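Asks: Mind looking at a prediction? Sequence and model below.
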4 protein chains.
Amino acid sequence: HSAAVAKSLIATAEALVNPRGKGIYATDETIDGIEARLFAAEGVEDQPKVHTDAQKRERRRRWRECLYESLPTDYISGVILYHETLVDFQLAPVLSNRGIIPGVRADTDAHPLPISPLEPATQGLDDLLPRLQAAYQAGARFSKWRAPIRCDSSALPTQAGMEVQAESLARFAAISQQAGLVPIVEPDVDFADDADLRKSVEVHVKMISMIYARCVAYGVLLEGSLIKPSFPQPGLKHPSRATTSVDEIGLATATVLARSVPVAVAGVVFLSGGLSDSDAVRYLNAVNVAVNKAPAGEPLSLSRLPNLTFSFGRGLQGDAMRKWVKGDEAGAKEAFEARAKACWLAAKGEA
Amino acid sequence: HSAAVAKSLIATAEALVNPRGKGIYATDETIDGIEARLFAAEGVEDQPKVHTDAQKRERRRRWRECLYESLPTDYISGVILYHETLVDFQLAPVLSNRGIIPGVRADTDAHPLPISPLEPATQGLDDLLPRLQAAYQAGARFSKWRAPIRCDSSALPTQAGMEVQAESLARFAAISQQAGLVPIVEPDVDFADDADLRKSVEVHVKMISMIYARCVAYGVLLEGSLIKPSFPQPGLKHPSRATTSVDEIGLATATVLARSVPVAVAGVVFLSGGLSDSDAVRYLNAVNVAVNKAPAGEPLSLSRLPNLTFSFGRGLQGDAMRKWVKGDEAGAKEAFEARAKACWLAAKGEA
Amino acid sequence: HSAAVAKSLIATAEALVNPRGKGIYATDETIDGIEARLFAAEGVEDQPKVHTDAQKRERRRRWRECLYESLPTDYISGVILYHETLVDFQLAPVLSNRGIIPGVRADTDAHPLPISPLEPATQGLDDLLPRLQAAYQAGARFSKWRAPIRCDSSALPTQAGMEVQAESLARFAAISQQAGLVPIVEPDVDFADDADLRKSVEVHVKMISMIYARCVAYGVLLEGSLIKPSFPQPGLKHPSRATTSVDEIGLATATVLARSVPVAVAGVVFLSGGLSDSDAVRYLNAVNVAVNKAPAGEPLSLSRLPNLTFSFGRGLQGDAMRKWVKGDEAGAKEAFEARAKACWLAAKGEA
Amino acid sequence: HSAAVAKSLIATAEALVNPRGKGIYATDETIDGIEARLFAAEGVEDQPKVHTDAQKRERRRRWRECLYESLPTDYISGVILYHETLVDFQLAPVLSNRGIIPGVRADTDAHPLPISPLEPATQGLDDLLPRLQAAYQAGARFSKWRAPIRCDSSALPTQAGMEVQAESLARFAAISQQAGLVPIVEPDVDFADDADLRKSVEVHVKMISMIYARCVAYGVLLEGSLIKPSFPQPGLKHPSRATTSVDEIGLATATVLARSVPVAVAGVVFLSGGLSDSDAVRYLNAVNVAVNKAPAGEPLSLSRLPNLTFSFGRGLQGDAMRKWVKGDEAGAKEAFEARAKACWLAAKGEA
């Protein structure tokens, strides 16, 4: 990287997680995804309404625009946009004019790994550089690549399953920086199955270590990058799910990150996928409590972790959307701000 | 793989390189590529001719069809088709009706590796499975992925440059077999630069070993696969280019393959890219001479190599094309058959 | 390697497995090991006999010498010696004078891998070069390193467990060739547990592939090396152990080797550890039957495997020892020759 | 690790680098090494003196004991002992009674890597566990393994050269923790050759990243471990050696560590090998200055590095030894304390 590009990547990465508490609003649902959410938010009584494709498109645009215009800048540092919102709706300036950094989702659909078809291999490397260069032109300054990882109590994930995802994340990150965009690598370890906390911790450490080993091999500037990990936790089908405390998950999360993330990485923005809104905030708070005051006997290194904040979607916007679809824009903004403030507090361990 | 699919992959792979001497005709030039060759074949006096796009397309179709209809089945086991020829022109049945196996090119353009921009990273994994399934529907039974590798006397290829290409080849091979197509992995080590024979040998061994290590990791059925390697040779810019004998290159090639290719791989079909027609045939003959009668003191293992034959394009069709563009179809077929017979003899070490 | 050393390594490796049928007699039991066998061979009635240490040492020497002097040179190509026999007893010349190649055991005891204490990590790399140079001085021309690998139906072997053993084998092999000795790499996949044949096959293929990937990384001359693998087979605790046929094991073994062994490797000498004498010979015969005439539908590649022979210990010498301890030297030699001939036939698929 | 062992490892690792400024005194010269230093310290006029072996041994013992008894506990947290000092002289209690932590050198001599004989492969894994358990019994609480890495402007280090050393360090670290000793991994990148700063930085980042990738694979508890790296710097034979500022080296060193060291690692203790006493202290100060106040535009992550202190030998003891050999014990202690204080200040960036 030229010195200028490097400085710019570092500045952007740091701006996304500083000052402590600020986090990212993830609005990178696919078109079908956001439509389903808007439909659900309308509730049963409104179902007869029929929208044309053009009406739907315009509604999506207005929904995005309405929230982007009013995002609480004290709590929100950046927004991840879907391709349509960024390139077709050209909404990045609405954000950047307010000092919020626009980003873009870079991966496309995953396909099953032939040797282990239960495991996904994320796609999107073909022609990634020109796509990300176009995103930069449209105003994006960071990008994100999600790599789901299956995890159970026995054979999942396989070595091949982890390697293929670490490879995809590292190659994405290198190309993203080539396009001038801060990469956010998102290893999303599934907790729908029967792994216990120990196995989840082990998989998170291995996976994140492999990602950074490959990032170094491919020359990624870690100072100009972020990570969006899942919280290690017992699987939904494991009995200890019910008995594991939020504090245990917070401490395990901090420990995992300390063991696998190099010091240079600018920050951590957790994903909330699959968690209830309240659990996501509670886990985020717990990990920050753990680093604020390392429990007796825990290593000092926890206090050296970079800022640990959020990159949430549904959890931030759910209440707001239910109001917005009913025309209550003011209520929507208020609802969003309330949720964002809760996340901001949690990202400081003060919730 | 189901037992039936495995048997079918193995049978196809073996049919492509048996009986000894038969080889593959590579017609996977891009549309621009084949147009340039046809244009060049016409010669200066014909240049005033102007073709419309439709005329060009039809000429491409006729050129392919004409040769496919008359390919010498004693010498040619399979043909690699470009997407247009396979799917738009639907020409696979012309081949398969005559007992020749149609295949398809699976990779798309390479892009420069960010950490080492002189080195290419081959693309084409996104949505590869549906594309190859469509190729199967159109009649293809094998597929090919080319991974160019830069090689000079100093830092090229880098470890990252080799790893990224080995990864792409192995993932391609696994997906190809998922679609029912025999994969041909093509590591094409460049000889345009100043590497000497020793370096070229070292790079070939490392690269091919890495490919098969990754193929095993991703579950590729090696018995149902082929390799299309380059010949190790001194670079065009190295003084020893002029003094290295064809026999040395033949022996080096056999040695490289013995050291890096697992016994199960069904066969070797050399590429001729960048070589003159006569050099390609001479090298092919030399490597077969080396395995026919291992020179005194050379290891017996050379005699255990699988069949070593050709996957040539330009070298087979150049004479024929020059006649065909002048309307001499009979002459074109005769010219092709002569070249194919020369390759067939070389693939037995009898040229 | 200098050209002269390379030629010598290749010649030795080939002499150990040619002509087809000849194999290796493994006499590399530790001192305690051979004492226990001699003790057991004496039978109950002889137990009162008390030997001094000096008497025991002399008995060991005589036992080795007696058999070495009379080994059937039609069936036995080489003998693996324990350090005491090679260096203290200086018995290598007894073998080499008769055209039998002496070798040496190079590894020492394994220790448990800290992260997975059920899995062993083989030791012996410290000062290995001078030790092997001394063995060369004492007449050894090849060496052997055993890497046991645990295998069950769930988590064993781990990735770390396989990597550590592949690393030790490859580093041993490189150092052995530096000392002028042909290395025999011995991955010994345990079958005492509950893995089924499919898992055993998968582990063998992965493990052997990893060994050769590391051998290439460390510059091992494969033409001047051999492999001493276990037979893939269902574990003793798996129900299919009783129902799996010898033919299935023979075919699985040939398939595993074809998929993982590069063409250059000079030969395969199976270990018999843990098998009854008759099973070891039956398995050896079955794998040779499989390569002699590939079953219908099986890949031609099986016929390209190098010679597949034996490196047996107890199975060859058991009968002979029982006679020898009773003073029946002639009977001992006859008994040994009978067993060796059976192995020789099995190594040609003619038992 | 059991929870108790883990806590103890973490507490020891933290005590070695806290409070900031305290560092390690390395006294792990071999017997020949320390004799040569004592001999040199005596100076020419004293050379006629002849010592018997017993006298030499006693002199070594007294030299160690004298300094250990008076080490300034404000500045020195731990001491690395050679085997003789720890086990034969039983001097660990002299240190631990004063609150200084004794450690032990764990590696033995390196041998040349066969594929690249200019590169060393560190030895000492054979029987390492019992040796380290004995060291623990003798009072040691940490251990150290040095892995020298050659570095020049062209092919060194090779991929194999780096891999073999990363492997040895990680396996050492796992076994050390098994014995209850905090491991200090010491990748010592040579600067005697013609690499420039860019190459030295690249090699340090790759090497340290590989070490931690392997440590994670082998289950090392990073919180209970330290690293003893070299300073990245231009080689002695590169022209930029003369023009590179101490500040540049300090910033490069901090950057390298941030990019390659996981957050959990408890601390960094630099080696001074090959540097003049004054350069070692100046570099140590410069890297601490860089992290105290990251230069404008440099990433915030530098401030998240763990404590960066010293593990010096000759630089600490040189002056003291020259006085001690002349019988001036008080002067020796004073001289040592002066040097230790300078290092302590440098380890806070206050020199």
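Replies: Okay, I see it.

Asks: For the rest of this, base every contact and every neighbour count on C-alpha atoms.
Replies: Will do.

Asks: All the helices of the stretch 201-350 of chain A, residue numbers only.
Replies: Using DSSP state H, counting those that start in this stretch, the helices assigned to the stretch 201-350 of chain A run over residues A:246-260, A:277-292, A:314-324, A:329-346.

Asks: Of all those helices, which one comes closest to chain D?
Replies: helix A:246-260 (4.5 Å; C-alpha to the nearest C-alpha).

Asks: what does the closest one rub up against?
Replies: A:201, A:204-206, A:208-209, A:231-233, A:282-291, A:301-302, A:305, D:222-223, D:262-265 (C-alpha atoms under 8 Å, 6 or more residues apart in numbering or on different chains).

Asks: Show the average pLDDT along it.
Replies: For helix A:246-260, mean pLDDT is 97.

Asks: just stretch A:103-119 next, same as before
Replies: In the prediction, stretch A:103-119 has an average pLDDT of 95.

Asks: Check stretch A:209-223 too.
Replies: 98.

Asks: Quick one: check that stretch for contact with chain C.
Replies: No - legend: contact between stretch A:209-223 and chain C by C-alpha under 8 Å from any C-alpha of the partner chain is lacking; minimum distance shown is 13.5 Å.

Asks: who's in contact with that stretch?
Replies: Stretch A:209-223 has contacts (C-alpha under 8 Å, 6+ apart) with A:6, A:9-10, A:13, A:163, A:166-167, A:169-171, A:173-174, A:177, A:260-262, A:264-266, B:114-115, B:160, D:205-206, D:209-210, D:213, D:216, D:259, D:299, D:301.

Asks: in stretch A:182-194, what counts as buried?
Replies: A:182-191, A:193-194 (16 or more other C-alpha atoms under 10 Å in any protein chain shown).

Asks: and the residues you listed, which of them are in strands?
Replies: Cross-referencing the buried residues of stretch A:182-194 against strands under DSSP state E gives A:182-189.

Asks: would CSV of the residues you listed with distance to chain D and pLDDT be doable?
Replies: As requested, these are exported to CSV (distance: C-alpha to the nearest C-alpha, whole Å; pLDDT from 0 to 100):
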residue, distance to chain D, pLDDT
A:V182, 14, 98
A:P183, 16, 98
A:I184, 16, 98
A:V185, 16, 98
A:E186, 18, 98
A:P187, 17, 98
A:D188, 19, 98
A:V189, 18, 98
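
Asks: Quick check: residues of chain A near chain C?
Replies: Proximity of chain A to chain C, by C-alpha under 8 Å from any C-alpha, involves residues A:154-155, A:159.

Asks: go again using 7 Å as the cut-off
Replies: Taking C-alpha under 7 Å from any C-alpha of the partner chain, no part of chain A reaches chain C.

Asks: Tell me where chain A is predicted with low confidence.
Replies: Low-confidence segments of chain A, defined by pLDDT under 70: A:44-50, A:294-297.

Asks: Swap in 50 and give it another go.
Replies: Within chain A, no stretch has pLDDT under 50.

Asks: So which residues on it come close to chain B?
Replies: Near chain B, when you scan chain A using C-alpha under 7 Å from any C-alpha, you find A:114-115, A:123-124, A:126, A:160, A:174-175, A:178, A:217-219.

Asks: For burial, what's the neighbour tally of whatever residue of the stretch 51-200 of chain A ends up closest to chain D?
Replies: Per C-alpha to the nearest C-alpha, A:Q159 is where the stretch 51-200 of chain A lies closest to chain D, at 11.6 Å. Neighbour count for A:Q159, taken as other C-alpha atoms under 10 Å in any protein chain shown: 15.

Asks: what's the closest non-adjacent residue to it?
Replies: Sequence neighbours aside, C:Q159 is the residue nearest to A:Q159 in space, at 7.6 Å (criterion: C-alpha to C-alpha, 6 or more residues apart in numbering or on different chains).

Asks: A:G224 contacts A:I10, doesn't it?
Replies: Yes - using C-alpha atoms under 7 Å, A:G224 is in contact with A:I10, at 4.2 Å.

Asks: Those two - which one has more neighbours?
Replies: Legend: neighbour count by other C-alpha under 10 Å for A:G224 and A:I10, higher for A:G224 (29 against 24).

Asks: Contacts only, for the more buried one.
Replies: Shown in contact with A:G224 (C-alpha atoms under 7 Å, 6 or more residues apart in numbering or on different chains): A:9-10, A:13, A:182, A:266.

Asks: Kindly report the same for A:L316.
Replies: A:L316 touches A:336, A:339-340, counting by C-alpha under 7 Å, 6+ apart.

Asks: among these, who's most crowded?
Replies: Ranking the contacts of A:L316 using other C-alpha under 10 Å puts A:A340 first, with 28 neighbours.

Asks: from memory that one sits against A:S77, does it?
Replies: No - using C-alpha under 7 Å as the test, A:A340 is too far from A:S77 to be in contact (11.0 Å).
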